[in-house]
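In: With the sequence up front, the predicted model follows.
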Amino acid sequence: MPTRPRSQPPAAQTGGETPAGRLPVPEELFKTVSSSRVSQVIVDQIRLLLKEERLKPGDRLPSERELCVHFGVSRVTVREALRILEASGLVEIRVGARGGAFVTTPDARQVGEGLATLLSLSPLTAAEVTEARLVVELGIVPLIVERATQEDLDALRAMCDEHAEALERGEYTMELSADFHTRVAACTHNAAIKMLVESFHGPLLMSLRQAQTVEPQMGLLGSKEHRDFVEAVAARDLDAATATMNAHLQRTASRVKDEHGEHAEGGPVTS
């Protein structure tokens, strides 16, 4: 199929102009592949084109039949590659007369889930998680104090109320504590920080639960510290907010053991 320059009008383009206004991707970008894992090679090639910005969000990939010809593979292999790309948030499959495979970019949720999966499969210790949390959660306090909106404060206060009620019912869990810390990170209004903390949810719970084995009543003081932290942020009191979060994390750190069975000195998460 002949290649048409992007500058020509839609009528001269194979397959017409895309709904997003972008023209079909030049077919010479794709190279024939040969491997025992052909679908992955196709995925890697398209990822490289994205990295090099030769493919951009909104571009429509050639049809499955055309991709089969360009890559020299079967339609089953092309479909497998497209499924991998779609699961990664790099391609969106649309149906209908103007459908096809369109280049997109993964959102924060998808990237966060991918990071979370990797972290959950990694041999992290509770002490390592705690150290990381001390660095991250204390490091973002200045941003939280500066950027937290009234909506953020209302949401955090509502969480504190719910947690207090859960404590009274004896139903407070480490999941509630983890949710609070995740919501606090969102107050930075920084997508990268929010994504990082959300992806850390699994390891965070792991470290909290280990700390809870040392202190089964974990949550009583921690819940109060959550509220104290929120009020310090509401007052734009950086010193008070930092001191509260530091005490909060350091106390849990004292309950978490490293891989040698010794208590860590610098901090995990807590509740």
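Out: Nice, thanks for sending it over. Numbering: from 1, shown residues only.
In: Asp237: what's it in contact with?
Out: By C-beta atoms under 8 Å, 6 or more residues apart in numbering, the contact list for Asp237 reads Val145. In this view, the C-beta of every residue, glycine as well, is placed from N, C-alpha and C.
In: Quick check on it: phi, psi?
Out: Phi and psi for Asp237, reported as degrees, to the nearest 10, are phi -100, psi 90.
In: Check it and give its pLDDT.
Out: Note on Asp237: pLDDT of 98.
In: what do you get for Asp179?
Out: 92.
In: Check the gap between it and Gly202 for me.
Out: Look at Asp179 and Gly202: by C-beta to C-beta, to the nearest Å, they are 13 Å apart.
In: Worst mean pLDDT across the helices and strands of this protein, which element?
Out: helix 108-121 (a mean of 60; mean pLDDT, DSSP states H and E).
In: how distant is the helix or strand that that helix is followed by from the center of its chain?
Out: Counting by DSSP states H and E, the next helix or strand C-terminal to helix 108-121 is helix 126-139. Distance of helix 126-139 from its chain centroid, counting by C-alpha atoms, centre = their mean, to the nearest Å, is 18 Å.
In: buried sites along helix 126-139?
Out: Residues of helix 126-139 classed as buried under the neighbour-count rule (16 or more other C-beta atoms under 10 Å) are 126-134, 137-138.
In: Determine the set of other helices and strands touching that helix.
Out: Under the contact criterion of 3 or more C-beta pairs under 8 Å, 6 or more residues apart in numbering; DSSP states H and E, helix 126-139 touches helix 174-186, helix 191-199, helix 201-214, helix 238-253.
In: how does it look with 6 Å?
Out: helix 201-214, helix 238-253 (3 or more C-beta pairs under 6 Å, 6 or more residues apart in numbering; DSSP states H and E).
In: Distance to Glu151 and mean neighbour count for the ones you listed - can I get that in a markdown table?
Out: Formatted as a markdown table, the helices and strands packed on helix 126-139 follow (distance: least, C-beta to C-beta, whole Å; neighbours: other C-beta atoms under 10 Å):
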| stretch | distance to Glu151 | mean neighbour count |
| --- | --- | --- |
| helix 201-214 | 22 | 21 |
| helix 238-253 | 18 | 19 |
